[in-house]
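Undergrad: sequence first, then the predicted structure, then my questions.
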Amino acid sequence: MEVKVSEKEGVVIFQIDGEINISTTLELKKRLETHLSKKIVMDLEKMKYIDSSGLAALLEVLKKVKSQGGSLILVGMSDKVKSLFEITKLDKLFLIFRNQAEALSQV
């Protein structure tokens, strides 16, 4: 997994390339740790796969972000990943937008 971090209009953008799985969740959580009180957009357009540990990690990050006054928005999900979020009802917990531009216009 490769993570690119940038900032735009006061929002921290994490671009995920690769997989979020049991091997990569710890790294992802560490990278997010210093930004928990901010508005975070996680761009999943290039994410190829997410497993149950990846979903659990995103939930853990969401709880921490909310407890510290930040927000976490997911964007760019493939149809397959979006379907997984819908089946697990996680789409009810996360703010999900089609792309960065749409998300940035809402924050």
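TA: That came through, no problem. As the structure is a prediction and not an experimental result, all values here were calculated from the model. Numbers count the residues shown, from 1 in each chain.
Undergrad: going forward, measure contacts between C-alpha atoms and count neighbours the same way
TA: Noted.
Undergrad: the longest strand along the chain - contacts with which helices or strands?
TA: Ranked by residue count, the top strand of the chain under DSSP state E comes out as strand 39-50. For strand 39-50, the elements it packs on are strand 11-20, strand 71-75, helix 100-106, judged by 3 or more CA pairs under 8 Å, 6 or more residues apart in numbering; DSSP states H and E.
Undergrad: which helix or strand in the protein has the lowest average pLDDT?
TA: None of the helices or strands of the chain scores lower by mean pLDDT, DSSP states H and E than helix 100-106, at a mean of 91.
Undergrad: in this structure, which ranges drop under the pLDDT threshold?
TA: The chain contains no residues with pLDDT under 70.
Undergrad: pick out the residue nearest the middle of it.
TA: Among the residues of the chain, the one closest to the centroid is Met42, at 3.7 Å (CA atoms, centre = their mean).
Undergrad: residues contacting that residue?
TA: Shown in contact with Met42 (CA atoms under 8 Å, 6 or more residues apart in numbering): 13-16, 72-75.
Undergrad: re the thing from before, next, the angle strand 39-50 makes with the helix or strand following the longest strand of the chain.
TA: Next helix or strand after strand 39-50 toward the C-terminus (DSSP states H and E): helix 52-67. Relative orientation of helix 52-67 versus strand 39-50 (axes from the mean of the first three to the mean of the last three CA atoms, to 10 degrees): 170 degrees.
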